[in-house]
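Asks: Next comes the sequence, and after it the predicted model I'd like to discuss.
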Amino acid sequence: MRIYISILGVVVLLGGLSFASQAIQRPETIVVEEVSVATKETIQIETGARMEMNTPVFADGTYTTSFAYEIPYKQIEPMEVSLVFKDGVITEAEVLLEAENFTSEEYQNWFLEYYKDEVVGQLIDVVSLARVGGASLTNKAFDVALAAAKAEASGQEIVTPEIVPLEVNVYEHNSAVGSLEDVSFKDGTYTVEDAYFVMAGLSEPMRTTVTLADGVITDASVAFDTQDIHSEYHQRDFSAVYKTQVIGAEITDVPFSRIGGASLTTGGFNDALEKVMSQAIET
């Protein structure tokens with residue numbers, strides 16, 4: 001009987017030591033909670049500042065926006081964005097996309113790889129994907145959905161277009177050429193070896209040949225040398241349509257903002273025309 005009591009005492013003693021050991025380890029849990037509290041304090045400060053400035057405070061909830069955005073070549077792609085707001089922070093984000101072509105699918109895949117890292121866990125008013133990772137059309141469309149979610153969460157009027165239009169960068173005439181009024185150009189064939197900018201660290205070689213007669217483009221050709229499948233896609237579509245807007249036109253009337261949606265290729269062609277005019281202008 002005494003032996004049983006002794007064993008029981010040992011068990012109780014070991015249990016007490018185990019409990020004490022667990023108690024000693026608790027500071028690690030407290031450290032984690034302190035980080036969480038610091039985050040909440042940051043949110044509270046942000047929310048308080050917004051209230052003092054009479055700016056919208058976002059209600060917690062899930063906000064979903066469905067629409068489409070325009071891509072080059074007059075195509076549109078559906079997009080659905082669901083965002084969860086909690087205590088002024090985006091805690092969850094989901095994006096559903098449909099690609100119209102291989103190139104768009106590639107850009108969308110890049111977007112899906114990184115967008116959550118830029119969004120989830122961030123203060124709602126800090127997030128903007130206007131230009132992240134290069135997939136600018138998808139990023140800008142996401143920002144439209146975010147703006148709609150912010151409006152709904154703050155009780156403001158929601159204004160979201162059914163189709164987010166493709167932004168056209170208007171071509172600006174190169175001031176180096178000067179005024180084109182009362183300017184004449186020498187007849188002849190002119191070739192420009194150049195490259196156009198694609199993205200950081202990448203440019204595409206482009207050879208442009210233009211034949212002029214009385215200031216009118218009577219013939220034109222472009223040649224590219226690319227190893228990039230996305231650039232090749234845009235270059236092919238540009239090459240298929242540009243002559244219809246170039247041949248037979250006054251060289252001073254040709255510079256355009258966009259042909260077939262290939263804005264970068266078009267910009268390269270415009271730059272080449274500037275150089276042709278500089279070479280052909282009669283002094």
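Replies: Thanks, I have it.
Asks: Could I get the full set of helices for the stretch 1-150 of the chain?
Replies: 2-24, 26-52, 102-119, 136-153 (DSSP state H, counting those that start in this stretch).
Asks: what does stretch 208-227 rub up against?
Replies: 184-192, 194, 204-207, 231-232, 235, 238-239, 242-243, 246-252, 254, 268-269, 272-273, 276, 280 (C-beta atoms under 8 Å, 6 or more residues apart in numbering). The C-beta positions use only the backbone N, C-alpha and C, and glycine is treated the same way.
Asks: Just the ones of those in helices?
Replies: Per DSSP state H, helices hold the following members of these: 231-232, 235, 238-239, 242-243, 246, 268-269, 272-273, 276, 280.
Asks: can you list the weak-confidence ranges in the chain?
Replies: Along the chain, the parts satisfying pLDDT under 70 run over 1-55, 72-73, 131-135, 167-182, 198-202, 255-263, 283.
Asks: got the domain boundaries for it?
Replies: For the chain, the structural domains run 61-164, 175-280, going by automatic domain parsing.
Asks: Need those domains in CSV (columns: mean neighbour count).
Replies: Formatted as CSV, those follow (neighbours: other C-beta atoms under 10 Å):
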stretch, mean neighbour count
domain 61-164, 17
domain 175-280, 16
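Asks: Residue 99: what's it in contact with?
Replies: 77, 105, 108.
Asks: Please list all residues in contact with the last one.
Replies: Meaning residue 108. 77, 97, 99, 135, 138.
Asks: Next step: those restricted to strands.
Replies: Judged by DSSP state E, strands contain the following of the contacts of residue 108: 77, 97.
Asks: nearest to residue 84, of the contacts of residue 108?
Replies: In terms of C-beta to C-beta, no member of those lies closer to residue 84 than residue 97, at 18.8 Å.
Asks: Pairing partners for that closest one in the sheet, please.
Replies: residue 79 (DSSP bridges).
Asks: Report the beta-bridge partners for the nearest residue to residue 164 once chain neighbours are set aside.
Replies: Once flanking residues are discounted, residue 164 sits nearest to residue 69: 4.0 Å by C-beta to C-beta, 6 or more residues apart in numbering. Beta-bridge partners for residue 69, by DSSP bridges, are residue 77, residue 164.
Asks: now residue 69: how far from residue 206?
Replies: Taking C-beta to C-beta, to the nearest Å as the criterion, residue 69 is separated from residue 206 by 28 Å.
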